[in-house]
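In: Any chance you can model this:
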Amino acid sequence: AIDIDVAKSAEQHRNSQEVKDKLRQLSEDNAVDIDFGNTKVLSYVLGVVDGDGFHDRKSTVGLEVTNSDFADKFENHLEEIGMNPGRGTRRTENDRKQILSVWASAKELIDWILDLEDFSDRYDWLSQKGDIWKYVEGRYESDGNIHPSGSPRICSYDEEAREFMKDLFSELKVSATLQQNNVWVSKSDRDKFFDNIDPVLRKRGSKVE
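Out: Got it, this is the predicted structure:
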């Protein structure tokens with residue numbers, strides 16, 4: 001489930017001048033060569049960025065979450081494509097939760113992501129060069145859960161993004177439907193879904209819809 005307070009707090013933190021200055025300095029310090037041949041890892045990173053992750057449209061990509069396993073995994077994937085991630089922690093405004101931040105800078109990666117800004121471009125790259133399952137893995141870890149009925153689902157409040165996810169599942173021969181703000185994977189395809197992704201958590205949804 002999405003914690004709205006945590007999401008708002010994270011967005012405010014990312015937009016603060018302190019963070020912008022830190023990211024600008026990191027961008028200057030961390031000149032790296034991205035391994036664009038590692039398409040599986042790139043697909044996963046793109047999935048995370050489209051979910052809980054973020055980028056500043058200039059040079060920096062990052063993730064702010066409460067789950068340390070997810071933060072570790074994203075950090076490791078950034079390292080695999082040649083980036084030099086930084087790591088930090090902070091508390092939410094009400095001090096209830098600790099937020100884990102992972103970030104790294106490489107203008108080449110952001111330019112590549114921006115080149116795939118249209119969903120049609122994303123679909124073409126993932127289906128022809130990338131790895132759709134690894135993208136789904138990143139999206140599920142960001143925005144997914146399991147409904148009490150047993151169906152995995154991925155939440156998105158963007159209609160185009162939901163249609164895009166449904167098209168990807170169609171490419172994977174996975175039955176999926178759009179319901180409210182979720183893309184639901186058919187319960188009959190649940191095993192196939194988890195046979196092909198390796199999420200750090202098989203998140204369960206609330207028993208109350």
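In: start to end distance for stretch 166-180?
Out: In stretch 166-180, first residue to last residue: 13 Å (Cα to Cα, to the nearest Å).
In: Please point out which parts of that stretch sit buried.
Out: 166, 167, 168, 169, 172, 174, 176 (16 or more other Cβ atoms under 10 Å). Where you see a C-beta, it was placed from the backbone N, CA and C, and this is true even at glycine.
In: partners of the last one in the sheet?
Out: By that I understand residue 176. residue 185 (DSSP bridges).
In: how about it, what does it touch?
Out: 165, 166, 169, 170, 183, 184, 185, 186, 189 (Cβ atoms under 8 Å, 6 or more residues apart in numbering).
In: any idea which of those is closest to residue 154?
Out: residue 183 (4.9 Å; Cβ to Cβ).
In: and the longest strand along the chain, which strands flank it?
Out: Longest strand of the chain, by residue count under DSSP state E: strand 98-105. Using DSSP bridges, strand 98-105 pairs in its sheet with strand 60-65 (antiparallel), strand 86-91 (antiparallel).
In: closest to residue 136 out of those?
Out: strand 60-65 (17.0 Å).
In: thinking again about what came up before, columns pLDDT and distance to residue 121 on top of the buried residues of stretch 166-180, output as JSON lines?
Out: Formatted as JSON lines, the buried residues of stretch 166-180 follow (pLDDT from 0 to 100; distance: Cβ to Cβ, whole Å):
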{"residue": "166", "pLDDT": "98", "distance to residue 121": "17"}
{"residue": "167", "pLDDT": "98", "distance to residue 121": "13"}
{"residue": "168", "pLDDT": "98", "distance to residue 121": "13"}
{"residue": "169", "pLDDT": "98", "distance to residue 121": "19"}
{"residue": "172", "pLDDT": "98", "distance to residue 121": "19"}
{"residue": "174", "pLDDT": "98", "distance to residue 121": "22"}
{"residue": "176", "pLDDT": "98", "distance to residue 121": "21"}
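In: so of the residues you listed, which ones are in helices?
Out: Judged by DSSP state H, helices contain the following of the buried residues of stretch 166-180: 166, 167, 168, 169.
In: from those residues, which single one is nearest residue 55?
Out: residue 168 (20.5 Å).
In: and the gap between the closest one and residue 139?
Out: 9 Å (Cβ to Cβ, to the nearest Å).
In: go on, residue 161?
Out: For residue 161, the distance to residue 139 equals 9 Å [Cβ to Cβ].
In: Residue 71 too?
Out: In this view, residue 71 and residue 139 are 17 Å apart by Cβ to Cβ.
In: One more: residue 118?
Out: Counting by Cβ to Cβ, the gap from residue 118 to residue 139 is 17 Å.
In: do the same with residue 112
Out: 18 Å.
In: quick one, what contacts the most centrally placed residue in the chain?
Out: For the chain, the residue sitting closest to the mean C-alpha position, by Cα atoms, centre = their mean, is residue 48 at 1.3 Å. By Cβ under 8 Å, 6+ apart, the contact set of residue 48 is 63, 74, 77, 138, 139, 141, 142.
In: Fine by me, thanks again.
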